[in-house]
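Visitor: Return atomic coordinates for the entry below.
(chains A, B, C and D)
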Number of protein chains: 2
Amino acid sequence: MTRLNRDDIVSGAGRRFATHGYLGTSMRDLGDDLGIHGSSLYSHVGGKQELLVAVVERGAAFFEQAAADALEMYSAPRERMRGLISGHIDVLVEHRPEARTYLTEVDFLGDGERRRVNGMRDRYEDAFRATIADGVSQNVFRSDCDPRLAAIYVLSILNALDRWYDEEGRLTRDEVAEDIYQFVISGLS
Amino acid sequence: MTRLNRDDIVSGAGRRFATHGYLGTSMRDLGDDLGIHGSSLYSHVGGKQELLVAVVERGAAFFEQAAADALEMYSAPRERMRGLISGHIDVLVEHRPEARTYLTEVDFLGDGERRRVNGMRDRYEDAFRATIADGVSQNVFRSDCDPRLAAIYVLSILNALDRWYDEEGRLTRDEVAEDIYQFVISGLS
DNA sequence: CCTACCGATCGGTAGG
DNA sequence: CCTACCGATCGGTAGG
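Guide: I've put the predicted structure just below:
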């Protein structure tokens, strides 16, 4: 039982925020999870709001990195889409607390920070939109599909995963990725 | 300025819960919205929890009714799917506060009520799943698609609408419905 | 529907 | 990292 550092506390906050929500988490709850008094958290962090910022930023960074990797690794639209889908699922499974907090608690950020995070989300969405637009102009996707809307649909499917997908369940990560890929590719073709 | 009744208060609660969340709404906030003191609400309702139950139940009932209408009105799988999609969008647009609260605040219900509501949600999902399964057995949809997963995908797209669709924006209700229908039908074909 | 109020809990601070 | 504490706010009640 060694002393906690800031990272431990941000991780703990991520777990609590993901399961109980930002408003549903008190500093005392968080302290209990970590085995210290709620008030002791203030030796490590400035406050509850600062913890939310840290957790959400971690989540946003994971998704940003996943998109960058997919775009670098593949260039054909279909492969890129497959890579984006897999990457998204990987982030969701491997960093669930941060991913979920990022997806559901953005509204509780301050104005400036929320705008920043929404900007990151828009850039992430752009990776999907651009991939679809490429596919359209290369005639591998339907020409009558609106890339902006299609990107929203794909991300809607992916983001909803954290409400039902259980890695210990029937489907492996690859199986869901493949199934979603097939659905999406057919939808675009 | 006449006196409020219980329905007014449930409606007001729906609006607040939808925009600020259940935990982010105090009885005083709600009273302010309605022009009375927070404590006066207790002459009309038993408490905050009871309001959440009432709002969520309204939302669930709207979706249930929409599904029943679509199933009664159409029988061919593709038409049924189209009807289910339109119906869902109608509920989202016409009863946004209740729909959104139903979709996002279920976790704050008590155990019994939450199970009841999740049961209603499962039955609603069944309408989509059964429609897809029918389509598969009638060879109008791909035979390699899992109706259970496909239903989740369609509902993911539909439920996400309330985070971005604006009826005052570029797209009419019918245009989104048509676009989603095309995407989904292609994904299933 | 209002006034006046209760006990509990909240985010956060002082001082060690 | 703990103890002791603060002012604010919460859901809810009593009495009218």
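
Visitor: who in chain A is up against chain B?
Guide: Contacts of chain A with chain B, taken as CB under 8 Å from any CB of the partner chain, map to A:21, A:23-24, A:107, A:142, A:144-146, A:149-150, A:152-153, A:155-157, A:159-160, A:164, A:176, A:179-180, A:182-184, A:186-189. (Glycine included, C-beta is placed from N, CA and C.)

Visitor: Show me those that map onto strands.
Guide: When DSSP state E defines the strands, the subset of the residues of chain A next to chain B inside them is empty.

Visitor: which of the residues you listed are close to DNA strand C?
Guide: With CB under 7 Å from any atom of the strand as the criterion, no member of these is in contact with DNA strand C.

Visitor: Pull out the buried residues from these.
Guide: Among those, those classed as buried by 16 or more other CB atoms under 10 Å in any protein chain shown are A:21, A:23-24, A:142, A:145-146, A:149-150, A:152-153, A:155-157, A:159-160, A:176, A:179-180, A:183-184, A:186-188.

Visitor: Out of these, which sit inside helices?
Guide: Counted as lying in helices by DSSP state H, out of these, are A:149-150, A:152-153, A:155-157, A:159-160, A:176, A:179-180, A:183-184, A:186-188.

Visitor: show me what contacts A:R78?
Guide: Contact analysis of A:R78 by CB atoms under 8 Å, 6 or more residues apart in numbering or on different chains lists A:135, A:140, A:185.

Visitor: pLDDT wise, what is the first one at?
Guide: For A:G135, the model assigns a pLDDT of 97.

Visitor: If you count neighbours, what's buried in the helix or strand containing it?
Guide: Per DSSP states H and E, A:G135 falls inside helix A:111-137. By neighbour count on 16+ other CB under 10 Å, the buried set for helix A:111-137 is A:113, A:116-117, A:120-121, A:124-125, A:127-129, A:131-136.

Visitor: Can you list the low-confidence ranges for chain A?
Guide: A:1 (pLDDT under 70).

Visitor: count of residues packed around A:L51?
Guide: 26 (other CB atoms under 10 Å in any protein chain shown).

Visitor: neighbours of the closest residue to it other than its chain neighbours, just the number please.
Guide: Distances taken as CB to CB, 6 or more residues apart in numbering or on different chains put A:A13 closest to A:L51, at 4.2 Å, once the chain neighbours are dropped. For A:A13, the count of nearby residues is 28 (other CB under 10 Å).

Visitor: After whichever strand or helix holds A:A13, which helix or strand is next? Please name it.
Guide: Applying DSSP H and E as the criterion places A:A13 in helix A:6-20. Later in the chain than helix A:6-20, the nearest helix or strand by DSSP H and E is helix A:27-34.

Visitor: ok, now which ones touch A:I89?
Guide: Contacts of A:I89 (CB under 8 Å, 6+ apart): A:158, A:161, A:165, A:173, A:176-177.

Visitor: Let's have those residues in TSV, adding distance to A:H95.
Guide: Formatted as TSV, the contacts of A:I89 follow (distance: CB to CB, whole Å):
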residue	distance to A:H95
A:L158	14
A:L161	13
A:Y165	14
A:R173	13
A:V176	17
A:A177	16
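
Visitor: And the contacts of stretch A:182-189?
Guide: A:78, A:81, A:85, A:132, A:135, A:140-142, A:145, A:150, A:153-154, A:157, B:142, B:144-145, B:149-150, B:153, B:183-184, B:186-189.

Visitor: Dump the C-alpha coordinates for it into CSV.
Guide: Taking C-alpha atoms only, stretch A:182-189 is exported to CSV below (Å, rounded to 0.1, in the frame of the first residue of the first chain):
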residue,chain,number,x,y,z
GLN,A,182,-20.1,-5.6,-43.1
PHE,A,183,-23.2,-3.7,-42.1
VAL,A,184,-21.6,-0.3,-42.7
ILE,A,185,-19.9,-1.3,-46.0
SER,A,186,-23.2,-2.7,-47.3
GLY,A,187,-24.9,0.5,-46.2
LEU,A,188,-22.4,2.5,-48.2
SER,A,189,-22.3,0.3,-51.3
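
Visitor: name the element the residue nearest the centre of chain A belongs to?
Guide: Central residue of chain A (CA atoms, centre = their mean): A:A99, 3.8 Å from the mean position. Counting by DSSP H and E, the element that carries A:A99 is helix A:96-104.

Visitor: So which elements touch that helix?
Guide: helix A:6-20, helix A:48-73, helix A:147-164 (3 or more CB pairs under 8 Å, 6 or more residues apart in numbering or on different chains; DSSP states H and E).

Visitor: from the middle of its chain, how far away would stretch A:71-90 be?
Guide: 15 Å (CA atoms, centre = their mean, to the nearest Å).

Visitor: Next, the buried residues of that stretch.
Guide: Applying 16+ other CB under 10 Å to stretch A:71-90 flags A:71, A:74, A:77-78, A:80-90 as buried.

Visitor: what do you get for stretch A:102-110?
Guide: For stretch A:102-110, the neighbour count (16+ other CB under 10 Å) marks A:102-106, A:108-109 as buried.

Visitor: interface residues of chain A facing DNA strand C?
Guide: A:25-29, A:38-39, A:42-43, A:47-49.

Visitor: so which pair among the residues you listed is furthest apart in space?
Guide: The span of those, defined through CB to CB, is set by A:T25 and A:S43 at 18.6 Å.

Visitor: Counting neighbours, go ahead and name the busier of those two.
Guide: Taking neighbours as other CB under 10 Å, A:T25 and A:S43 compare with A:T25 leading, 23 against 10.

Visitor: From the contacts of A:R78, pick the one nearest chain B.
Guide: A:I185 (8.3 Å; CB to the nearest CB).

Visitor: how near is that closest one to DNA strand D?
Guide: Counting by CB to the nearest atom of the strand, to the nearest Å, the separation of A:I185 from DNA strand D is 47 Å.

Visitor: which non-adjacent residue is nearest A:D107?
Guide: Nearest-residue entry for A:D107: A:R114, 7.3 Å, with adjacent residues in sequence omitted and distances by CB to CB, 6+ apart.
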